[in-house]
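*Asks:* Sequence below, structure please.
(chains A, B and C)
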Amino acid sequence: MNQRHTDSIGDYLHNFPGGLKLKHHKALSCSKPLPAAEIPLSREYVVPITQHLGKPTEIIVSVGQSVKKGQALSKPGKSGQAPGAQVHAPTSGIVTAIQAMPVPHPSGLSSPCVVIEADGNDSWIKLEPVKDYKSLSCIELIQHVRAAGIVGLGGAVFPTDIKLQSTSCSIDTLILNGVECEPYISCDETLMRQAPERVIEGALILGHAFNITNILIAIEDPMDTCRKTLEKCIKQFDADDLITVVCVPMLYPEGGERQLIQVLSGKEVPAGKLPSAMGVLVQNVATIAAIHAAIIEGKPLIERLVTVTGAGIKDPQNVSARIGTPIADLVNYCGGYTPSVARLIMGGPLMGLGLQSDQLPIVKASNCILALTHANIASKQTEMPCINCGNCVNVCPAGLLPQSLQMVIRADNFEALESLNLDACIECGCCDYVCPSHIPLVDYFRYGKGEQRARAREKQFSERAKSRFELRETRLEKLKAERLARHQKRKQALVGSADKKDSVAAAIARAKARKQAITDQQASSRSNPENNSSSGSEDHS
Amino acid sequence: MEFSRTGAPHLPPETSVSSIMLQVLLALIPGIAAMVWFFGSGVLIQIALSVIFAVSLEWLMLTVRHKPVKIFLGDYSAVLTAVLFALCIPPLAPWWISLVGMVFAIVVAKHLYGGLGQNIFNPAMVAYVVVLIAFPLELTRWLSPRGLADAGALTEIPGLLQSLQTILNGQLPTILSWDAISQATPLDLLKNGVEQNRMISEIRQSPIFGSYGGRGWEWVANFYALGGIWLIWRRIISWHIPVAIIATVIILTLPAWLYDPSSNPIPLEHLFSGALILGAFFIATDPVTGCASKRGKLVFGLGVALLTLTIRLWGGYPDGVAFAVLLMNMFAPLIDRYTRPRAYGKT
Amino acid sequence: MTAAVIILTILALIFGLALGYAAIRFRIVGNPIADKIEAVLPQTQCAQCGYPGCRPYAEAIAAEEVEINRCPPGGEAGIKQLAELLGKEVIPLDEDVGIEKALPEVAIIHEDICIGCTKCILACPVDAILGAAKQMHTVITDECTGCELCIPPCPVDCIDMVPTKIDINNWHWHKPIPITTITDAGISSNIQSSEQSG
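*Replies:* Now for the predicted structure:
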């Protein structure tokens, strides 16, 4: 390490608590080179509108419209909302449907998708690459990233433009996360080995726009070939005083953003804060490559590297797959299933999602399609009572007490839950894996988190309802008071007129007198009754 | 192709409750073998009796409580409780001691508190303390260990049939008498001797003492320690509780011994007489009634050692491991509360 | 004897004064129990309990005038929370006042039938209906508590209650079914059969 970096992040490696040493299973897919030719076009692509973490985007195409490859299908949400990441057409063709379709999601529910029938031409829209990335300001870069619909490709799919924006363009250290700590997954390693220039130049683009002084590429200890390739490439770009490759020991879940920061800096990101509060930005290497493609080639994010692997796949390998490709097409490309396949997972074996079908599309989050056989999955286990062994406490990288959490969530005791920091749980699955009682701990935590959010929402809603009710009550009260006041005023007016009782009496007296006079007159002149009109006024009084 | 929609993690679990319990039982085998060598086959008969009583009672309680019998009998926790209890009582104790003990262990200490995982007190130690207090006579009738019998010929080690007879109907083999086998344990002798202001070297003249602990007892303890170390190596138990107990005992007794070796026994004497090693590796490490976090385990071990020494030195009983463990069981939730690890990013 | 009497008298005086001071110094303004009860109530303001809103019902419970089982929107969970708060027994929901809905509902107005009479606007306890006389009305779905108070006044029956939809945005993981707390023979045999098949 050269003297420029003294006492900066990455000089020394630190530990994080807990973690697991797991069998890697990466050689299955990593040994093969990427296929030279692109995989054949699918007949139909299903592009979910919401592939990122956040609010849905707005669809801007209509059924029957023909689209070009790379054309935007949606735009960031309505004003006032946090903008989401837009999606683009993976190939040219016709929009045949816009409807809710099943997507890779734990609920198994459907979500709005744009279905594109490929026309086979695969023709791009006019691409607008940036001529010289050194001319880009930080804000311009963020705009390009937003237009390309880039999200975190490590699996969290948080919109990258929002993440970049949250740094207010001021960070010191950029960490490229190439630590694929979950078993089986090797798409990032493949990327770094086979297209290191995309990662290095991508890092330089970010580094230039954000004026970053320290760029670290974190990879795992066993990735030695990868380190050599990267270092060679760094030399080619003449960037070895800026970019350093750091090998971290193999320990799951070291690839978690917060755990990686802890390993490299020895510091923890304060709860409720983003790493940018420490002047650190972590980006997955695949995300960096996507930024590179967006700037240098002007291409939006319409494809990604996917590891198709596991004992359930005949020919495991990494492939470059377009977003929206049916998973079944990818599996077929990799030789299909072996007869003993039992479970299909999107992601790794510890955090991945068990899919209900292979008819779902590849999405931006799909780093791995893992087909496991009965021999290497958890069969339905009988859940025993917790014996308080403490294994879960020892492996928890977030310093939590999974056994206590499980107990209060099981009892739906959400008041007690508040002091146990459930929000710090990263759902890495370590506790679940080591639990001798086979308690589905992570299932409890996911339920607890969802329920906590739902309860917070409900509480907020009921508070709003209460304040609206109270507002209405005060308004009605005010209206009533006003009405009462008006009433009072009128009464007052009447009472006021009562003061004039004398005048009324006087008037009556006058009228009577006049009547008297008239009667007298009538009496005096009974013979001519045409003056009777005055009798009306007499009735009146 | 259709699959089942499931949540992560998908890997098959590393371990299970029954495999943990089985490995602890396996780790006890060297210690049991040593016990049998020094105290005769009565040890095995006690183990068999306790296991039979424990499993029957467990089956009964599970049936009464409408719990899945096959699953809970298969976790071997009742068997482990029974074996630990049997190792604590004298090898020739009458059969009903085991029955009473197992009733208290399985019915009272375990199932009345809610079964596996719910008990507050270590069932084996509850059983031992109950029979120790209720039947002090039967619980002090310890045989002399083998080496002693060979050397001084106070007693002989009875054979299997003889032991069975004694345990089942209280009849002693002709060569033995109750007076002869009511052998004081090394800790009894030490305690009484020190109370009578006798010198340690003088007390240790008795043939009952071995090279650093009690004769025979020291070897039993060595073999327990061997099994315990294997458990630590297998990551079935963590090192924290045994190390905390042993370190505390040494740290507290070493200065006294250095200051006045004539009236204070060498620390090894404390460690290798009585049930301290068995307690440190097999009893205090019971997960259910102990602490979960690493720091909690250290504090728990420290407490067990402190209480054991307190009872040994100033209490009414020569050995205090069982009482110490039960007392610390009460504090375990409190210790866990105050030794909670700090969550990531929180201050 | 005399000394004891004197000491006790003095002590009684001191404690009496202290208590009196505390009563003034730490006097609680308002009705804290009613506030706590109100915090538990769902604020639907549906008046199904027979009181004109959640606050009056909370005050009535605090005054022990009424049972805690008259809030259908709060449901069983609400009754349980109230019982815990007040140290009472959990009792089933009073079926006479209404039943708990499986899913929260919101009102929608069929806008082609609405004649713009404003009667529902007057009935809505949380001002969640927009509209003016002779103009079509509409429900602000985000603010609707599902109290159904707008339904009876509508002269043309154009208001319907629809359950809020569970979609991908508000879905969350269900609770795992704990096998250990299930005790009946049916489930344990279930476990065994799944064991055999697995």
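*Asks:* Chain B: strands as residue ranges?
*Replies:* Using DSSP state E, no strands are found in chain B.
*Asks:* where in it is pLDDT low?
*Replies:* Scanning chain B with the threshold set as pLDDT under 70 gives B:147-156, B:173-184, B:207.
*Asks:* Where is the longest helix in chain A?
*Replies:* Assignment by DSSP state H gives helix A:441-499 as the longest helix of chain A.
*Asks:* Are it and chain C in contact anywhere?
*Replies:* Yes. Helix A:441-499 is in contact with chain C by C-beta under 8 Å from any C-beta of the partner chain, via A:443-444, A:446-447, A:449-451, A:453-454, A:458, A:461-466, A:468-469, A:471-473. (Each C-beta comes from the backbone N, C-alpha and C, glycine too.)
*Asks:* From the residues you listed, keep the buried residues only.
*Replies:* A:443-444, A:446-447, A:449-451, A:461-462, A:465-466, A:468-469, A:472 (16 or more other C-beta atoms under 10 Å in any protein chain shown).
*Asks:* Give the single residue among the residues you listed positioned nearest to residue A:405.
*Replies:* residue A:444 (7.2 Å; C-beta to C-beta).
*Asks:* check contacts around that closest one.
*Replies:* Contact analysis of residue A:444 by C-beta atoms under 8 Å, 6 or more residues apart in numbering or on different chains lists A:405-406, A:409-410, C:175-176.
*Asks:* my guess is residue C:88 meets residue C:69, correct?
*Replies:* No. Judged on C-beta atoms under 8 Å, residue C:88 makes no contact with residue C:69 at a distance of 9.9 Å.
*Asks:* what about stretch B:113-126, distance to the chain center?
*Replies:* Offset of stretch B:113-126 from its chain centre (C-alpha atoms, centre = their mean, to the nearest Å): 15 Å.
*Asks:* Only the buried residues of it, if you could.
*Replies:* Buried residues in stretch B:113-126 (16+ other C-beta under 10 Å): B:115-119, B:121-126.
*Asks:* ok, and does that stretch reach over to chain A?
*Replies:* Yes. Judged by C-beta under 8 Å from any C-beta, stretch B:113-126 and chain A are in contact via B:115-118.
*Asks:* contacts for that stretch?
*Replies:* A:384-388, A:437, B:17, B:61-62, B:65, B:67, B:72, B:75, B:77, B:80-82, B:84-85, B:88, B:104-106, B:108-110, B:283, B:286, B:288-289, B:322, B:325-326, B:329-330.
*Asks:* Doesn't residue A:198 belong to a helix?
*Replies:* Yes. With DSSP: H, G, I helix; E, B strand; the rest coil as the criterion, residue A:198 is located in a helix.
*Asks:* Now do the same contact list for it.
*Replies:* Residue A:198 neighbours (C-beta under 8 Å, 6+ apart): A:191, A:288-289, A:292-293.
*Asks:* related to what we said a few turns ago, where is pLDDT lowest across the contacts of residue A:444?
*Replies:* For the contacts of residue A:444, the minimum pLDDT belongs to residue C:176; the value there is 82.
*Asks:* for that residue, what are its contacts?
*Replies:* Counting by C-beta under 8 Å, 6+ apart, residue C:176 has contacts A:440, A:443-444, A:447.
*Asks:* Can you tell me how far it is from residue A:383?
*Replies:* Applying C-beta to C-beta, to the nearest Å, the value for residue C:176 to residue A:383 is 8 Å.
*Asks:* Wondering if stretch B:25-34 reaches chain A at all.
*Replies:* No. If you take C-beta under 8 Å from any C-beta as the test, stretch B:25-34 misses chain A, and the best it gets is 14.9 Å.
*Asks:* who touches that stretch?
*Replies:* Residues contacting stretch B:25-34 (C-beta under 8 Å, 6+ apart): B:43-44, B:47, B:76, B:79-80, B:83-84, B:87, B:219-220, B:222-224, B:226-228, B:230-231, B:236, B:278, B:281-282.
*Asks:* one more time with 6 Å
*Replies:* Applying C-beta atoms under 6 Å, 6 or more residues apart in numbering or on different chains, the contact partners of stretch B:25-34 are B:80, B:219-220, B:223-224, B:226-227, B:230-231.
*Asks:* what does stretch A:31-38 give?
*Replies:* A:194, A:317-318.
*Asks:* at 8 Å what do you get?
*Replies:* A:190, A:194, A:305, A:316-320.
*Asks:* List buried residues within those residues.
*Replies:* By 16+ other C-beta under 10 Å, the contacts of stretch A:31-38 give A:190, A:305, A:316-320 as buried.
*Asks:* Tell me which of those residues fall in helices.
*Replies:* Those of the buried ones among the contacts of stretch A:31-38 lying in helices (DSSP H): residue A:190.
*Asks:* Let me have the buried ones among the contacts of stretch A:31-38 in CSV, extended by distance to chain B and pLDDT.
*Replies:* Below are those laid out as CSV (distance: C-beta to the nearest C-beta, whole Å; pLDDT from 0 to 100):
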residue, distance to chain B, pLDDT
A:190, 22, 90
A:305, 21, 92
A:316, 17, 91
A:317, 19, 91
A:318, 20, 91
A:319, 19, 91
A:320, 23, 91
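*Asks:* Those residues of chain A touching chain C, which are they?
*Replies:* A:50, A:56, A:103, A:105-107, A:109-111, A:379-385, A:409-410, A:440, A:443-444, A:446-447, A:449-451, A:453-454, A:458, A:461-466, A:468-469, A:471-473.
*Asks:* picking that back up, and the two most separated of the contacts of stretch A:31-38?
*Replies:* Among those, A:194 and A:316 lie farthest apart (C-beta to C-beta), at 16.2 Å.
*Asks:* shared neighbours of residue C:176 and residue A:383, anything?
*Replies:* With C-beta under 8 Å, 6+ apart, residue C:176 and residue A:383 have common neighbours residue A:440.
*Asks:* Mind listing what's buried along stretch C:136-155?
*Replies:* C:136-137, C:139, C:143-150, C:154.
*Asks:* burial measure for residue A:477, as a count.
*Replies:* 10 (other C-beta atoms under 10 Å in any protein chain shown).
*Asks:* meant to ask about residue C:64, not that
*Replies:* 10.
*Asks:* What of the one 3 residues further on?
*Replies:* Neighbour count of residue C:67, defined by other C-beta under 10 Å: 16.
*Asks:* I figured it hits residue C:89, correct?
*Replies:* No. The criterion here is C-beta under 8 Å, and residue C:67 misses it with residue C:89 at 10.5 Å.
*Asks:* Residue ranges in the stretch 351-500 of chain A under the pLDDT threshold?
*Replies:* Those would be A:379-381, A:496-500, if you go by pLDDT under 70 across the stretch 351-500 of chain A.
*Asks:* go again using 90 as the cut-off
*Replies:* A:374-385, A:389-390, A:410-421, A:423, A:438, A:453-459, A:461-470, A:472-473, A:475-476, A:487-500 (pLDDT under 90).
*Asks:* measure the residue in it positioned nearest to chain C to residue C:118 for me?
*Replies:* Chain C sits closest to residue A:450 of the stretch 351-500 of chain A, with a gap of 2.4 Å, by C-beta to the nearest C-beta. Plainly put, residue A:450 is 40 Å away from residue C:118 if you go by C-beta to C-beta.
*Asks:* Let me know the pLDDT of the residue in the stretch 51-200 of chain A that chain B sits nearest to.
*Replies:* Using C-beta to the nearest C-beta, residue A:108 is the residue of the stretch 51-200 of chain A that sits closest to chain B, at 5.2 Å. We note a pLDDT of 84 for residue A:108 in this prediction.
*Asks:* That one - how many residues pack around it?
*Replies:* Residue A:108 has 15 nearby residues by other C-beta under 10 Å.
*Asks:* now swap in residue C:28 and tell me
*Replies:* 7.
*Asks:* which element is it on?
*Replies:* Counting by DSSP states H and E, no helix or strand carries residue C:28.
*Asks:* do you know how far it is from residue C:161?
*Replies:* 40 Å.
*Asks:* Also residue B:292?
*Replies:* 48 Å.
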